[in-house]
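Student: here is a sequence with its predicted model. Questions after.
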Amino acid sequence: MKNMSANPLAIVALNMMRVQTIKAFLLFIVFNFTIYSFCFAQVDLANQIIEKRIDELWTTVKLNIGYANIASKHWLPGLYERNNFQLLWQNPQNVTDLLTAAGSIAEDGLDPEDYRLSDLLVLKLSLDGSKSPDPTKLADYDILLTDSLVRLCYHIQFGKVDPESLDPAWNMTRQIRNKNPVAAIEKRLRTGSLAEGLKKIRPKIDYYRRLKSADIAGFRVYSFISLKRSKLIFSVILNPSNMHHRDCMGY
């Protein structure tokens with residue numbers, strides 16, 4: 001240390017190293033700030049597009065994302081309104097949980113493609129591989145994820161088959177478990193507990209578990225059973241429906 005103090009060249013070299021280090025650090029900060037600002041701008045544009053899409057849904061009562069028709073006319077716009085029309089799927093774990101649930105829904109006798117699985121996977125691959133994602137694609141992907149989740153929640157609780165189409169005398173009903181499903185879904189997304197929430201809304205009746213263990217996954221109930229009476233029994237066990245709440249998703 002004494003030798004360095006006595007050597008002016010060493011002191012100059014040390015100061016230059018410090019200056020270079022500071023410059024590199026400042027450049028790093030500026031570079032990352034630029035990237036952050038760009039990403040923030042992309043997200044902000046996506047949020048604006050979402051607001052326009054939801055306004056279109058409210059105004060015309062219909063919305064198409066590509067070839068996909070958005071079925072939820074109340075729950076989906078309600079979710080975005082609660083979130084100030086911002087992207088809902090910023091947590092990667094929520095995306096993973098939804099895609100996993102949709103990919104395994106055949107075990108419940110439902111079709112994964114009813115939940116946009118292929119479209120979502122293609123969009124996810126495209127966005128994940130892009131350094132500057134298109135805001136329109138970001139917005140559309142987010143809305144499709146939300147529509148997929150709403151469909152999934154509804155079908156898990158009430159099914160797809162209309163009981164009256166099988167038996168006009170059908171008069172049994174079921175109620176939505178949560179009095180405010182929009183708030184419940186929003187909370188699951190915000191807390192990253194989507195997988196747990198989807199598990200909780202699954203039917204708990206013993207017949208449902210028995211049929212799942214009987215290895216009928218992947219078959220639609222109405223095509224698996226040919227006799228009308230048997231078809232009614234199986235469809236109700238696997239997919240009980242609530243006629244009083246069918247309009248809440250626009251079905």
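Tutor: Cool, the structure landed. Numbers count the residues shown, from 1 in each chain.
Student: residue 184: neighbouring residues, count only.
Tutor: By the measure other Cβ atoms under 10 Å, the count of residues near residue 184 is 17. Heads up, the C-betas are built off the backbone N, CA and C, glycines and all.
Student: do me a favour and average the pLDDT over the strand or helix carrying it.
Tutor: Using DSSP states H and E, residue 184 sits within helix 181-191. For helix 181-191, the mean pLDDT works out to 93.
Student: now stretch 118-131
Tutor: In this model, stretch 118-131 has a mean pLDDT of 90.
Student: that stretch: which residues count as buried?
Tutor: By neighbour count on 16 or more other Cβ atoms under 10 Å, the buried set for stretch 118-131 is 119, 120, 123, 124.
Student: and the helix holding residue 184, which residues are buried?
Tutor: Judged by neighbour count using 16+ other Cβ under 10 Å, the buried positions of helix 181-191 are 181, 182, 184, 185, 186, 188, 189.
Student: shaky segments in the stretch 101-250 of the chain?
Tutor: For the stretch 101-250 of the chain, the stretches flagged by pLDDT under 70 are 161-178, 207-208, 211-250.
Student: and the end-to-end length of stretch 185-203?
Tutor: 18 Å (Cα to Cα, to the nearest Å).
Student: what residues does that stretch touch?
Tutor: For stretch 185-203, contacts defined as Cβ atoms under 8 Å, 6 or more residues apart in numbering pick out 75, 79, 82-83, 88-89, 91, 93-94, 97-98, 100-101, 108, 149-150, 152-153, 156-157, 177, 184, 208, 240.
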